[in-house]
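*Asks:* fold the following, please.
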Amino acid sequence: MTKVAVLTIVHGRHDHLAAMLDGCARSLCAPDLMVVVAMDDPAVETQVRHAPLPTRVRRIERAPGGLPLAAARNLAARTALEQGSDVLVFLDVDCIPGPSLIGRYRDVVEAETAQQPVVVAGEVGYLPPTTWGYRPEELAQLGRPHPARPVLTVDEVRVADDLDLFWSLSFAMSARSWRTVGGFDEQYVGYGGEDTDFAMRIGAAGGSMVWAGGATAYHQHHPSENPSVGHLHDIVRNAHIFRRSWGRWPMVGWLEEFARRGLVRFDGDTLEELRVTQPGAAATGNREP
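*Replies:* Numbering: from 1, shown residues only. This next block holds a predicted model:
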């Protein structure tokens, strides 16, 4: 029998975590295990103590440069694999899974026959601001698709033609695919770059990404910046790591906008931070590419 684990990382945003856990409990296919990695946030253990599903909480401390998003995801996966999980479903703490998400991810992952690694990406519906919370029966009506990603029928599976569109908000992999890719690169600390790096690692392993209809997550609204000036220091540092690894710059649109605002010097060859900022304190892997 296939064992499915749902994995999330969190720092703050406890209300969002509660809604995500409730969504998993309401799922048509309940996960066999929930893994929650608390990043510099010991209060999470108390919050999930009475979670309705089998849940393991792991803790990881803040790294010198910010929150260790990549390392936290790797810790979550390692914990699930140690418990014998076959399918790893990663959900951002801001995401409420639709009732069919977990079962759909399991089915699509099980159906993959490629020897190379495959990452499965479901759709995300972005929810409007709310002051009262989101009712489960309203999610499908309220959620709006991301304009850069395809809208699929509920039973459709489509091979993606651009791995750079991967982002860690909601995705699934088999245990074998995860081990082949090797997880996220833990050089990345704080916000930015580690998702695109992970996509490059999939490609370097000969792998692919597929879009899966019917695996919809609903992203709970929260304030966000575009570009993310509050994470400027993280983004510049991580962009240099990425270029050393892959020979090109990631997040070019953001880097160009930072340059236009006089925050960095960026000419396609050189990237230099002109305004020193403190590492971002609130990053929790919330990707809005």
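
*Asks:* which residues of this structure score low on pLDDT?
*Replies:* For the chain, applying pLDDT under 70 flags the ranges 275-289.

*Asks:* so where do the helices sit in it?
*Replies:* When assigned using DSSP state H, the helices of the chain occupy the ranges 14-25, 43-47, 69-82, 101-111, 139-142, 175-181, 194-204, 232-246, 252-260.

*Asks:* not counting sequence-adjacent ones, nearest residue to the most centrally placed residue in the chain?
*Replies:* Centroid-nearest residue in the chain: Ser168, 2.3 Å away (criterion: Cα atoms, centre = their mean). Leaving aside its sequence neighbours, Ser168 sits nearest to Asp195 (Cβ to Cβ, 6 or more residues apart in numbering; 5.1 Å). In short, each C-beta sits where N, CA and C put it, glycine included.

*Asks:* how near is that neighbour to Arg248?
*Replies:* 15 Å (Cβ to Cβ, to the nearest Å).

*Asks:* higher neighbour count, those two?
*Replies:* Ranked by neighbour count (other Cβ atoms under 10 Å), Asp195 and Arg248 place Asp195 first, with 24 against 11.

*Asks:* and the more buried one, how far is that from Val229?
*Replies:* Distance, Asp195 to Val229, by Cβ to Cβ: 19 Å.

*Asks:* equivalent analysis for Tyr105, please.
*Replies:* 34 Å.

*Asks:* looking at the two, which one has more neighbours?
*Replies:* Tyr105 (30 against 16).

*Asks:* so the closest residue to that one other than its chain neighbours versus Glu257, what's the distance?
*Replies:* The shortest distance from Tyr105 to any non-neighbouring residue, by Cβ to Cβ, 6+ apart, is to Ala172 (3.9 Å). Distance, Ala172 to Glu257, by Cβ to Cβ: 32 Å.

*Asks:* and if you look at Gly203?
*Replies:* Taken as Cβ to Cβ, the span from Gly203 to Glu257 is 26 Å.

*Asks:* also Leu88?
*Replies:* Distance, Leu88 to Glu257, by Cβ to Cβ: 34 Å.

*Asks:* Val48 now?
*Replies:* Per Cβ to Cβ, Val48 is found 38 Å from Glu257.

*Asks:* these two: which is more packed in?
*Replies:* Neighbours per residue, other Cβ under 10 Å: of Val48 and Glu257, the larger number sits with Val48, 19 against 16.

*Asks:* might one say that the more buried one is in contact with Pro54?
*Replies:* No - counting by Cβ atoms under 8 Å, Val48 does not reach Pro54; the two are 10.9 Å apart.

*Asks:* identify the contacts common to those two.
*Replies:* Counting by Cβ atoms under 8 Å, 6 or more residues apart in numbering, the residues touching both Val48 and Pro54 are Met34.

*Asks:* nearest residue to Ala63 in space, please, no chain neighbours.
*Replies:* Val189 (4.7 Å).

*Asks:* ok, the one you found - how many residues close by?
*Replies:* 23.

*Asks:* and it, what is it in contact with?
*Replies:* When contacts are counted by Cβ under 8 Å, 6+ apart, Val189 touches 63-71, 234, 237-238, 279.

*Asks:* export those residues as a markdown table, with columns for neighbour count and distance to Ala212.
*Replies:* A markdown table is the format used below for the contacts of Val189 (neighbours: other Cβ atoms under 10 Å; distance: Cβ to Cβ, whole Å):
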| residue | neighbour count | distance to Ala212 |
| --- | --- | --- |
| Ala63 | 19 | 33 |
| Pro64 | 7 | 37 |
| Gly65 | 15 | 34 |
| Gly66 | 24 | 31 |
| Leu67 | 27 | 28 |
| Pro68 | 26 | 28 |
| Leu69 | 30 | 23 |
| Ala70 | 26 | 24 |
| Ala71 | 23 | 27 |
| Asp234 | 25 | 30 |
| Arg237 | 21 | 33 |
| Asn238 | 27 | 28 |
| Pro279 | 20 | 34 |
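
*Asks:* ok, so of these, who is nearest Ile9?
*Replies:* Distance to Ile9 across the contacts of Val189 (Cβ to Cβ) is lowest for Leu69, with 6.6 Å.

*Asks:* the closest one and Pro136, how far apart?
*Replies:* The separation that Leu69 has from Pro136, given Cβ to Cβ, amounts to 28 Å.
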